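1. my questions concern the predicted model and sequence given below.
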Amino acid sequence: MQYMEKYESWLNGSCFDEQTKAELKAIENDDKEIKERFYKDLEFGTGGLRGIIGAGTNRMNIYTVGKATQGLADYILENNPKGAQMGVAIAYDSRNMSPEFAKKTGLTLCANGIKAYVFESLRPTPELSFAVRYLGCTAGVVVTASHNPPEYNGYKVYWQDGGQVPYPRDEAIIEKVNAVAGFNAIKTMDYDEAVAKGLYVTIGKEVDDEYIKNVKAQSLNPDIVAKTADSLKIVYTPLHGTGNIPVRRVLRETGFKNVYVVPEQEMPDGNFSTVGYPNPEDPKAFTLAIKLAKEVGADVIIGTDPDCDRVGVVVKDSKGEYIVLTGNMTGALLTNYMLSQKKEKGILPANGAVVKTIVTTEMIRPIAAEYGVKLFDVLTGFKYIGEKIKQFEETGEYTFVFGFEESYGCLSGTYARDKDAVVASMLVAELTAFYKNQGKTLYDGLIELYEKYGYYREGITSITLKGIEGVEKIKYIMDTLRKNPPKDFIGNNVMWLRDYTKSEFKNLITGETEKNTLPSSNVLHYTLENGDWVCVRPSGTEPKIKIYYGVKGTGLSDAASKLEAMGSYMKEMIEKL
């Protein structure tokens with residue numbers, strides 16, 4: 001069916017409400033907009049859905065959410081006889097339409113005879129991951145688009161281990177979603193009837209309390225927190241998201257007395273009116289927080305994204321200026337802290353393991369070696385770190401100690417199987433107390449790491465390519481790089497070319513090969529002769545192509561200049577394609 005036929009079917013279809021039809025009627029003379037909304041179905045990918053909110057097959061709305069849920073229900077009923085009674089946990093964030101999408105998800109599951117455990121109000125994504133296992137559910141759904149701009153929303157699916165659905169289960173669910181025979185095939189149920197039958201269950205405080213208890217269990221130095229509690233000052237911003245209540249609670253309950261919340265960004269706001277792009281990776285998101293920090297003399301600023309799975313950190317540098325740490329910097333500091341303190345206290349497992357993604361800082365390699373723990377690399381996306389936790393528990397070969405990715409996500413403990421900014425916020429505050437107790441700042445701690453392990457710096461360049469043309473352009477760029485692989489970057493020869501769609505990789509200098517032990521993925525990773533690296537991949541959640549790169553310098557300024565040169569070179573190279 002062509003896009004205009006789909007458009008007409010929505011305008012005239014009996015299963016679409018009048019509000020949807022009115023929205024579509026308003027664009028009847030805009031062929032480009034109609035095409036954007038209907039030229040394809042919003043793709044249910046390996047993690048779920050993500051797209052712009054609005055009417056149409058290529059948009060996030062109650063119909064596309066209903067179709068995704070119907071496919072998930074069909075999969076559960078066919079593959080897990082006990083799945084209906086085990087139920088599905090459902091959480092949602094502060095984005096526009098999140099409560100409506102969560103309710104639609106719950107009622108569609110109920111109409112299929114599957115119990116739905118729905119949080120009473122907005123909750124962090126990591127709490128959903130925890131709830132799936134705590135409640136013994138067969139699956140979980142969280143309605144969120146993480147840090148995307150306000151026009152987006154999304155839908156992520158988790159399985160009974162608390163992690164995002166892994167391969168090949170993800171592809172089997174996708175098949176079921178694609179097999180739903182139109183929007184008329186989506187089952188639904190009256191809310192009061194679902195509640196009366198015990199199918200729609202509201203959850204809240206009990207799960208909150210257990211989740212927070214598990215987060216607090218990750219604290220390593222409560223005595224140091226107590227010593228510095230009166231003088232340590234923290235500014236916190238939830239960026240209008242779900243972190244406000246749980247982050248403030250865990251900081252309060254672990255002994256932090258002086259926590260100042262950015263008032264303009266305290267309350268949920270799906271339009272993210274003070275930031276627009278609610279991403280702690282963006283330094284502009286901290287403008288108001290830095291203003292408040294200067295007023296109160298804060299030691300550290302902590303910010304979490306809308307669904308509270310990513311944490312951003314701002315510290316004072318050697319000149320007393322507030323600077324935003326990268327996710328790699330924060331992750332390296334926390335990894336070193338967790339390993340060093342566990343070793344000092346005699347609780348570092350002999351078979352301990354740290355897990356990072358292939359685009360995360362290489363500084364973790366010497367840190368892990370220092371403390372005798374095994375380092376694992378996985379594909380981009382925290383779901384792969386979650387898979388490693390499950391694998392370690394099943395085999396007993398390794399014990400998970402810490403995991404993180406460059407995009408501001410990390411996890412300590414195994415109570416959740418996704419990145420958790422609630423525990424990260426607590427640990428960053430504790431780490432700040434740890435250094436303050438020594439008369440140092442968090443920035444001093446970072447410099448100590450550089451001096452000990454090397455001046456590693458990493459960057460990322462994202463090129464946005466929207467719409468139909470953007471999809472084709474991204475495909476063209478990746479195809480071109482595969483057909484004509486670069487031999488060098490800024491005069492440094494490529495040593496290893498790792499194309500993760502292939503079963504083995506090749507050393508372009510020696511000719512030796514190594515097996516690809518990770519799942520197939522549309523990723524190109526280049527390791528250079530001098531140890532620097534570059535990685536190119538399409539974003540799985542946004543219309544972007546992402547270029548990651550890492551360098552190692554002889555000092556701070558040398559690393560910074562090498563990083564800038566690599567960033568400029570890569571941006572120019574990709575744009576020329």
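-> On my side now, so go ahead.
2. tell me the pLDDT of T541.
-> At T541, the pLDDT value in this model is 69.
3. let me see the contact set for A131.
-> Contact analysis of A131 by CB atoms under 8 Å, 6 or more residues apart in numbering lists 89, 91, 117, 119, 137, 140, 203, 207, 211. (Each C-beta comes from the backbone N, C-alpha and C, glycine too.)
4. give me the spatial nearest neighbour of the second one, chain neighbours excluded.
-> The shortest distance from A91 to any residue other than its chain neighbours is 3.8 Å, reached at L128 (CB to CB, 6 or more residues apart in numbering).
5. contacts for stretch 480-489?
-> For stretch 480-489, contacts defined as CB under 8 Å, 6+ apart pick out 493-494, 497, 499, 508, 524, 526, 528, 532, 534, 536, 566, 569-570, 573, 577.
6. out of the residues you listed, which are inside strands?
-> 493-494, 497, 499, 524, 526, 528, 534, 536 (DSSP state E).
7. what's the PyMOL line that selects buried ones from the residues you listed?
-> Here is the PyMOL command that selects the buried residues among the ones in strands among the contacts of stretch 480-489 (16 or more other CB atoms under 10 Å):
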select buried, resi 494+497+499+524+526+528+534+536
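8. and the ones in strands among the contacts of stretch 480-489, which is closest to A194?
-> V536 (46.6 Å; CB to CB).
9. what's across from the closest one in the sheet?
-> Using DSSP bridges, the bridge partners assigned to V536 are L524, I547.
10. quick one: residues contacting the residue nearest to A91.
-> 89-91, 119, 140-142, 158.
11. secondary structure element for it?
-> For L128, the element it lies in under DSSP states H and E is helix 125-134.
12. about what we covered before: save the ones in strands among the contacts of stretch 480-489 as JSON lines, and put in pLDDT and distance to K176 too.
-> Shown next, in JSON lines, are the ones in strands among the contacts of stretch 480-489 (pLDDT from 0 to 100; distance: CB to CB, whole Å):
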{"residue": "N493", "pLDDT": "95", "distance to K176": "47"}
{"residue": "V494", "pLDDT": "96", "distance to K176": "41"}
{"residue": "L497", "pLDDT": "95", "distance to K176": "37"}
{"residue": "D499", "pLDDT": "96", "distance to K176": "30"}
{"residue": "L524", "pLDDT": "97", "distance to K176": "31"}
{"residue": "Y526", "pLDDT": "97", "distance to K176": "37"}
{"residue": "L528", "pLDDT": "97", "distance to K176": "43"}
{"residue": "V534", "pLDDT": "97", "distance to K176": "38"}
{"residue": "V536", "pLDDT": "97", "distance to K176": "32"}
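13. K40: which of the ones in strands among the contacts of stretch 480-489 is nearest?
-> V536 (24.2 Å).
14. measure the closest one to L379 for me?
-> 14 Å (CB to CB, to the nearest Å).
15. now do the shared contacts for those two.
-> In contact with both V536 and L379: V523, using CB under 8 Å, 6+ apart.
16. gap between E120 and G550?
-> Counting by CB to CB, the gap from E120 to G550 is 43 Å.
17. where are the low-confidence patches of the stretch 1-150 of the chain?
-> By pLDDT under 70, the low-scoring segments of the stretch 1-150 of the chain are 1, 46.
18. residue ranges of the strands in it, please?
-> Along the stretch 1-150 of the chain, the segments classed as strands by DSSP state E, counting those that start in this stretch run 48-52, 88-92, 116-119, 139-143.
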